[in-house]
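need a structure here:
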Amino acid sequence: MASKVYQTYEEAAQDYVAQFSALLDIPEGVPAAAKRGAGDVPVEPLVERAEAIAEVSEKMVPLAKEYLESEDPLYREGVSAQLINQAAAELRLAAELLQIAEDEEKEAVPKAATRSSRGAGLRSAIETLELSMQTNLSDGLAAAVRKTRAAEEKPATMDDAKKGLQTSVDKATKKISEKVVEFGGDIAFDLAIGTEWTAVFEGAAMLARGEIRQKMEEAKKGAKSLAARAVGAAQKTVLNVYDKLLALLGKDAEDKARQQIQTWLKKIKDDGKIEVFDNLVANLYRVDTFKKDMEEWLTKTKAQMDAITKTTGEVDGLSDKFGVLTDQMGTFEDVLGFAKFIKIPQVMAVLFALRVGLLATLVYAGYDYIGYKQVNFLDITKGVAQVIQENLGIEG
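Okay, the predicted model is just below:
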C-alpha cells in the first residue's frame, strides 16, 4: 500500500495526533495469552501502530519547513515547540519498542505492574503531545508568561527608559545563560565524567543520520522475528526524533554542532570541572560584548521613548519564552533518562548521540534567544539583540 501524501503540516499533524491518541487502546477480542506491552496493549498491534506513526512522522519535518523558515518568529517558535514535544513522545515510544525487543530476546514476560508503569509513562508523553499540538502555531510559545508593561508606571524621561531597557537586557541575558548552564551543564558533566567516556565519545562522533541508522541496523541482526520488527520500528522512530532535533539547529549546522559539543565534552573531561561549561557558553554568547554595543546603540538611536519602553517589554518576554522551551527540552531529557535502562549496546551509543544532539540544540537555542551576531544556525526566534536593533533602528 502506498504511503499517504500530505499537502500541509496541519493535515499530517491531524493524522499524527489521532494515531498517537489511539496507541494505547486495547483491541477487542484479544486472547488472554497474547504477549502484551505497555499499558497491556498486545505487542503486535503496538508495533504496527508505531510503524504507522513513524510513517507519518517522517513527513512532518519537510512539511514544517514553511513555518521554520517563516518571516514571522511566532510561527517559528510555535513549530519548534511542537517538534520538541513530538520528539519526546516518539522517543518514549522508541524506548517501549526496544524494551519489547529485549523482552523477546530474553523470553521475559514483564509483570503487570511493569506494563502499567510503562503505559503510564507513554500516556503522559501522549497527553503532553496532544496539548502542544492543539496550540495554534501563530501563537508562538503561547504557554509563556505574557508580560505587559502597560500597567506599570511609564518612565518619566528618556534616560529612565534607556536604563529600564538595560536592566531588562541584563536580566534576560542572565536568565537565558543560567538556564543553559544549569540544564546543559548537568548533561555535559554527566556525559563527560559520569559515564563510560569511550561510548560517549563514540556517540558524540556519530551525530549523523547515516551512522545512527547503521547502529540500529546492527541491533536488528540475529534478533528473533518480532524483536527485529520492534527494533525496525524503533529505528524509524529514532531517526525521526533525530531529524526533529536537527531541524531546530538549522540547515548545514550538523557538523559544526557536533564538532563544537565534542570539543567541549573533551575539555570538560580533561579539566574535570563543571565550571568549564560555564566559560564555554559565555564565550559563545558574548553577552559582555553585546552589552557594550548596546550602550552605543542607545546613544545613536533616534527611537522615541514609547518604542524603547515597548522594546523593554519584548525583552522581558523572551526570557520567559526560553524558560518554556527549556522545560520542553527537559521532558525530552527525562525520556532519555528512562531509556538508559535499555542495555542493547548499539542502542546505548545511539542514546548518547541523541543526548549530545539535545545538548547542542539547547546551547544553540540559548544563542538564538540572545540573538547577538549569530551565524550558521536557524533563526527560530527574534532574539534579545535582534529585537533591540530592529526597534531602535540599528543596522548590523
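
what sits against F20?
Residues near F20 by C-beta atoms under 8 Å, 6 or more residues apart in numbering: I53, A89, I126, L129, E130. Backbone N, C-alpha and C define where each C-beta goes, glycine included.

from S124, how far off is it?
F20 sits 12 Å away from S124, taking C-beta to C-beta, to the nearest Å as the criterion.

ok, now A32?
Distance from A32 to S124, by C-beta to C-beta: 27 Å.

what does F277 give?
Distance of F277 to S124, computed by C-beta to C-beta: 30 Å.

which of these two has more neighbours?
Neighbour tally, F277 and S124, criterion other C-beta atoms under 10 Å: the higher count belongs to F277, 25 against 14.

element containing the closest residue to the more buried one other than its chain neighbours, please.
Take F277 and drop its neighbours on the chain: the residue closest to it by C-beta to C-beta, 6 or more residues apart in numbering is G185, 4.5 Å away. Per DSSP states H and E, G185 falls inside helix 185-192.

list the buried ones in that helix?
G185, I187, A188, F189, L191, A192 (16 or more other C-beta atoms under 10 Å).

quick one: contacts for the fifth one?
For L191, the contacting residues are V200, A204, L265, F352, R355, V356, L359, by C-beta under 8 Å, 6+ apart.

could I get the pLDDT score of the first one?
I take that to be V200. You'll see V200 listed with a pLDDT of 71.

tell me, how many residues neighbour it?
25.

enumerate every residue touching it.
By C-beta under 8 Å, 6+ apart, the contact list for V200 reads L191, A192, L265, F352, V356.

next one: the first one from R355, what distance?
Read it as L191. Distance of L191 to R355, computed by C-beta to C-beta: 6 Å.

pretty sure G37 contacts S116?
No - shown here, G37 and S116 do not form a contact pair, counting by C-beta atoms under 8 Å, at 11.2 Å.

who has more neighbours out of the two?
Per other C-beta under 10 Å, whichever of G37 and S116 has more neighbours is G37, with 25 against 14.

how many neighbours does F290 have?
When neighbours are counted by other C-beta under 10 Å, F290 comes out with 20.

export the helix or strand in which it is found as PDB, just CAs?
F290 belongs to helix 287-300 when assigned by DSSP H and E. Output in PDB follows, covering the C-alpha atoms of helix 287-300 (Å, rounded to 0.1, in the frame of the first residue of the first chain):
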ATOM      1  CA  VAL A 287      27.000  38.800  26.300                       C
ATOM      2  CA  ASP A 288      29.500  41.300  27.700                       C
ATOM      3  CA  THR A 289      30.400  42.400  24.100                       C
ATOM      4  CA  PHE A 290      26.700  42.700  23.300                       C
ATOM      5  CA  LYS A 291      26.100  45.000  26.300                       C
ATOM      6  CA  LYS A 292      28.900  47.300  25.300                       C
ATOM      7  CA  ASP A 293      27.500  47.500  21.800                       C
ATOM      8  CA  MET A 294      24.100  48.200  23.200                       C
ATOM      9  CA  GLU A 295      25.400  51.300  25.100                       C
ATOM     10  CA  GLU A 296      26.500  52.600  21.700                       C
ATOM     11  CA  TRP A 297      23.100  51.700  20.200                       C
ATOM     12  CA  LEU A 298      21.300  53.600  22.900                       C
ATOM     13  CA  THR A 299      23.500  56.700  22.200                       C
ATOM     14  CA  LYS A 300      22.900  56.600  18.500                       C
END
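
elements contacting it?
helix 158-179, helix 384-392 (3 or more C-beta pairs under 8 Å, 6 or more residues apart in numbering; DSSP states H and E).

any idea of the angle the longest one forms with helix 384-392?
Between helix 158-179 and helix 384-392, the angle comes out at 160 degrees (axes from the mean of the first three to the mean of the last three C-alpha atoms, to 10 degrees).

what residues does the helix or strand encompassing E211 touch?
In this structure, E211 sits in helix 209-220 according to DSSP H and E. With contact meaning C-beta under 8 Å, 6+ apart, helix 209-220 is reached by 101, 206, 228, 231-232, 234-235, 238-239, 242-243, 246, 344, 346-347, 349-350, 353.

now with 6 Å?
Helix 209-220 is contacted from outside by A228, V231, Q235, Y242, I344, Q346, V347, A349, V350, A353, using C-beta atoms under 6 Å, 6 or more residues apart in numbering.

and which of the residues you listed is nearest to F332?
Nearest to F332 out of the contacts of helix 209-220 is Y242 (C-beta to C-beta; 12.0 Å).

ok, for M329, nearest residue in space, not its chain neighbours?
Nearest residue to M329 in three dimensions, chain neighbours excluded: L362, at 5.6 Å (C-beta to C-beta, 6+ apart).

ok, now R355?
Nearest residue to R355, sequence neighbours excluded (C-beta to C-beta, 6+ apart): L336, at 5.5 Å.
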